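**Q** Need a 3D model of the following:
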Amino acid sequence: MAHMIRMLNDLPEVVYEQLPIEEFWLSRDAQSPEGILVRNANMHQIALPANLVAIGNVGTGVTHIPIERCSAKGVVVFNTPGAGANAIKEMVLMALLISGRKVIAGINWLQTMRDHGSAIPAIVDKGRKMYVGPEIMGKRLGVIGLGTVGQMVANAALNLGMKVVGYDPFLSNDQAGSLPRGVKRVQTMPEALQESDYITLHVALNDKTRGIIDQQALAATKPGAVLINFTGGELVDQKAALEALEQERLSLYITDFPNEALIGHQRIICLPHLGLETPETDEMCAMMAAKQLKAYIKTGSIKNSVNFPGCELSDNFICRIAVLHPNVSSLVAHIAAALSEQHIAISGLVTRVRGKLAYTVVDTDQKLDEHIVDRINAIPGVFRARCLMQGKVW
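**A** A predicted model of the protein is given here:
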């Protein structure tokens, strides 16, 4: 029987390549799906089907998904970090180039020249000095957040002859090891801000990073710096940014997150949320979301979940029991005891933890029936247990 997947938005054809019809049935109106693919449809008012085990979000932001409710019901939510990395990198490079050379102001001025006929060349020759701006070569770029996108931006800036200083309090060891040569990594954000001519933000928006660019941070910023934000509007304390612009602590703010207070300000360039709006990014996000959904449904492997811990698993197994549960050590013992009661030999066991949530996967060489899943699901605290065996899931 094919796995039922509900699509809440129209998605690129690439999802059908990742979820072939021989194994998956994709529908906009499936009533009892195992998986959901969504881009931006509001799921907060949608009841979560009893059979739902995973949601693949086509994009990084998940505010339209009820994460806590999903976690409590044992529904793994995936997103697609890095899928739009190149698109964001290109937008940051564009912002760097237009911020110094006053390109937009110059273009707007030229639009007023249409009725001046043959006098245009002379007017332009005289007036162009108003739009003189510095080159970016040799200037210093501060990269706040050195994950996939931040590293791509840093590398591109180095290739353009810029100096790069980076700060990231959440950098993993793997990411630190892949930092481009030439990036000067500092341990505090003020160190990065106080020597940067340009600042670009690439940390994920969450409770720890909301308002990370606040009055205190801007007070440490090099006078006249340009702030670039293609990651999340709430990373910047808007009131503090406006004050910094008025005081010329910042010379310019370029943001992809416009609102009433920002549009029309002489020192702010607003874009209409164009950062990820490319056909290439759309396809890459859809492909990643579908691929991650498929891997979890068929093998129990978790990669890029926003609620449960990552756990990448081999697809070479005979029978696998996958259990989502709170991070309580006694639950793992209860799971093992339930298997022991049925004389089931364990060939492999792994538990991964993320905050208050945990994921335990047990492999066995024995074929099991659905009663063992019922037994584990009955353990107090367990969110959901599934048994995966040679294409069958229950």
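
**Q** And the strands in the stretch 51-200 of the chain, which stretches?
**A** Ranges of strands in the stretch 51-200 of the chain, per DSSP state E, counting those that start in this stretch, are 54-57, 76-78, 140-144, 163-167, 183-185, 198-201.

**Q** Going toward the C-terminus from the last one, what's the next helix or strand?
**A** In this case it means strand 198-201. Using DSSP states H and E, the helix or strand that directly follows strand 198-201 along the chain is helix 215-219.

**Q** Pull out the buried positions in that following helix.
**A** By neighbour count with 16 or more other C-beta atoms under 10 Å, helix 215-219 contains the buried residues 217-218. Quick note: C-beta positions are derived from backbone N, CA and C, even for glycine.

**Q** now for it, which elements pack on it?
**A** helix 189-193, helix 238-246 (3 or more C-beta pairs under 8 Å, 6 or more residues apart in numbering; DSSP states H and E).

**Q** who's in contact with it?
**A** Outside helix 215-219, the residues that touch it by C-beta atoms under 8 Å, 6 or more residues apart in numbering are 189-190, 193, 237, 240-241, 243-244, 249-250.

**Q** taking the mean pLDDT, what do you get for whichever helix or strand comes after it?
**A** Of the helices and strands lying after helix 215-219 in sequence (DSSP H and E), the nearest is strand 225-229. Averaging pLDDT along strand 225-229 yields 98.

**Q** Strand 225-229 pairs with which strands, parallel or anti?
**A** Strand 225-229 sits in its sheet next to strand 198-201 (parallel), strand 250-255 (parallel), going by DSSP bridges.

**Q** just so I know, which of those strands lies nearest residue 309?
**A** Closest approach to residue 309 among these (C-beta to C-beta): strand 198-201, 26.6 Å.

**Q** before we move on, back to that, most tightly surrounded among the helices and strands packed on helix 215-219?
**A** Mean neighbours per residue, mean count of other C-beta atoms under 10 Å, is largest over the helices and strands packed on helix 215-219 for helix 189-193, with a mean of 20.

**Q** Tell me the gap between that one and the middle of its chain.
**A** In terms of C-alpha atoms, centre = their mean, to the nearest Å, the centre of helix 189-193 is set 24 Å apart from its chain centre.

**Q** what's in contact with it?
**A** 142-144, 165-167, 186, 199, 212, 217-218, 220-222, 225.

**Q** try 7 Å this time
**A** Here helix 189-193 makes contact (C-beta atoms under 7 Å, 6 or more residues apart in numbering) with 142, 144, 165-167, 186, 199, 217, 220-222.

**Q** what does stretch 42-59 give?
**A** Outside of stretch 42-59, the residues within contact range by C-beta under 7 Å, 6+ apart are 11, 32-39, 64-66, 69-70, 73, 75-80, 285-286, 289-290, 292-293, 296-297, 384, 386.

**Q** what's the burial count for the closest residue to residue 27 other than its chain neighbours?
**A** Leaving out its chain neighbours, the residue that sits closest to residue 27 by C-beta to C-beta, 6 or more residues apart in numbering is residue 6, at 6.2 Å. Residue 6 has 22 neighbouring residues, counting by other C-beta atoms under 10 Å.

**Q** Was I right to think residue 353 contacts residue 310?
**A** No: Residue 353 is beyond contact range of residue 310, at 10.6 Å (criterion: C-beta atoms under 7 Å).

**Q** pLDDT at residue 318, what is it?
**A** pLDDT for residue 318: 92.

**Q** Distance of it relative to residue 363?
**A** From residue 318 over to residue 363 the distance is 8 Å, taken as C-beta to C-beta, to the nearest Å.

**Q** and if you look at residue 137?
**A** Separation of residue 137 from residue 363 (C-beta to C-beta) stands at 55 Å.

**Q** And these two? Which one has more around it.
**A** When neighbours are counted by other C-beta under 10 Å, residue 137 and residue 363 differ, and residue 363 comes out ahead with 20 against 9.

**Q** The nearest residue to that one once chain neighbours are set aside: neighbour count?
**A** Excluding its sequence neighbours, the residue lying closest to residue 363 (C-beta to C-beta, 6+ apart) is residue 348, at 3.9 Å. Counted with other C-beta under 10 Å, the neighbours of residue 348 add up to 13.

**Q** Same check on residue 47?
**A** Using other C-beta under 10 Å: residue 47 sits among 8 other residues.

**Q** Let's verify it: helix, strand, or coil?
**A** What DSSP: H, G, I helix; E, B strand; the rest coil gives for residue 47 is coil.

**Q** and it, backbone torsions?
**A** For residue 47, the backbone dihedrals (degrees, to the nearest 10) come out as phi -70, psi 140.

**Q** Look through this structure and tell me its longest helix.
**A** helix 279-299 (DSSP state H).

**Q** Using CSV, list the CA coordinates for that helix.
**A** C-alpha atoms of helix 279-299 as CSV (Å, rounded to 0.1, in the frame of the first residue of the first chain):
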residue,chain,number,x,y,z
PRO,A,279,13.1,29.0,-9.1
GLU,A,280,16.3,27.2,-8.1
THR,A,281,15.7,27.7,-4.4
ASP,A,282,12.1,26.6,-4.8
GLU,A,283,13.1,23.4,-6.4
MET,A,284,15.9,22.7,-3.9
CYS,A,285,13.7,23.3,-0.9
ALA,A,286,10.9,21.1,-2.3
MET,A,287,13.5,18.3,-3.1
MET,A,288,15.0,18.5,0.4
ALA,A,289,11.7,18.4,2.2
ALA,A,290,10.4,15.5,0.1
LYS,A,291,13.7,13.5,0.5
GLN,A,292,13.7,14.0,4.3
LEU,A,293,10.1,13.0,4.6
LYS,A,294,10.7,9.9,2.5
ALA,A,295,13.7,8.9,4.6
TYR,A,296,11.8,9.2,7.9
ILE,A,297,8.8,7.3,6.7
LYS,A,298,10.8,4.4,5.3
THR,A,299,13.8,4.2,7.5
